[in-house]
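Chemist: my questions concern the predicted model and sequence given below.
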Amino acid sequence: MVSPLIVSLKKRKNSCGSKACILSPAKINLYLNILGKYPGGYHCIESIVERISLNDRIKITVKSDPEIKIFSNDKSLQTKDNLIVKAAELIKKHYKIPFGLSIKLEKNIPVGSGLGGGSSNAASTLIVLNTLFDLKLDKSELYKLGARLGSDVNFFISESKFALLKGRGEKLMPLKIDKKFSHFIIWPKKSISTKEVYDRQKAKLTKFFNSVKILQYALAEGDIFLIKKNIFNVLEKEACNICRELKLAKQYLSNKGIFTKVTGSGSALYTIGASSSLRIFKKGLPSSWTVFKAQTF
């Protein structure tokens, strides 16, 4: 079955010349806590994440030339360190693919914003190459590859709307939640180093077990009041301490009576239960901020 994220697909018999376009959606963390630290330095987390409609687009064409080339509207991402390239190299090496790839990335998810754009790009690349090269990999095989690329990659491979993440983030349990929520995503155009935020955060001994359970219940019921009461991000304080613009943006929105929470390690904020139009919401906000309207996807 072809992934619903693949919006166009044209396959050739010998693969060369095959092409596809796939969506690469963002996520927000509705709950994020650190429970400890592994010997290798990775943090043990517990998180509830929601996939949202803000997305990048990745177009891939299979070439006879064995090289992988990437082009983007964000020139800083045209590098071998890009997770898209690393995911493609992983597939090529693991399955001995002789062909090269021409990859075009339309970047819409802000980089370094805590919206999971890089991990999502890696996951979408694995998904689309699985189809283009007819590898017939099931989810469990894709998860093994995804775990080698990053902690959040497997959430995007799962193609779940909501999930509970544990371990480094690679252990996931999709949540059966049928409700759809509207959000505004506010980005004050400042990026934050994920490593710096995590390094400054001490692990919490309390597991907030009840909050996780209550939040799952509230999401399933669509109870916005209860959701807001139990949304939690242990990294928010340090993210705001590191990024002054983020702290000021959160204070500014709070003074206007707008509930926001930092997603991941920042630097984007999100609302939940938004009902007004994007134009009305942006009215009165600094013109330098980027604001997106999104929903559960």
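Modeler: Arrived safely. Numbers count the residues shown, from 1 in each chain.

Chemist: residues touching residue 233, list them.
Modeler: Listed by CB atoms under 8 Å, 6 or more residues apart in numbering, the contact partners of residue 233 are 29, 31-32, 261-264. Every C-beta, even on glycine, is put in place using the N, C-alpha and C of the backbone.

Chemist: switch to 10 Å and redo it
Modeler: 28-33, 47, 114, 239, 261-266 (CB atoms under 10 Å, 6 or more residues apart in numbering).

Chemist: now do it against residue 223, distance only.
Modeler: Remark: distance between residue 233 and residue 223 (CB to CB, to the nearest Å) = 19 Å.

Chemist: burial of residue 244, as a residue count?
Modeler: Neighbours of residue 244 under the rule other CB atoms under 10 Å: 11.

Chemist: same question for the one 4 residues further on.
Modeler: Residue 248 is surrounded by 13 other residues when neighbours are defined as other CB under 10 Å.

Chemist: what of residue 288?
Modeler: Neighbour tally, residue 288, other CB under 10 Å: 8.

Chemist: how far away is it from residue 269?
Modeler: When residue 288 is compared with residue 269 (using CB to CB), they lie 15 Å apart.

Chemist: immediately after the helix or strand encompassing residue 120, which helix or strand?
Modeler: Residue 120 belongs to helix 117-132 when assigned by DSSP states H and E. Downstream of helix 117-132, the first helix or strand assigned by DSSP H and E is helix 139-147.

Chemist: what ranges does the chain have for its strands?
Modeler: 6-10, 19-37, 43-63, 68-72, 100-106, 162-166, 171-174, 182-187, 232-233, 261-262, 269-270, 290-295 (DSSP state E).

Chemist: most packed of those strands?
Modeler: strand 269-270 (a mean of 28; mean count of other CB atoms under 10 Å).

Chemist: direction included, what does it pair against?
Modeler: strand 182-187 (antiparallel), strand 261-262 (antiparallel) (DSSP bridges).
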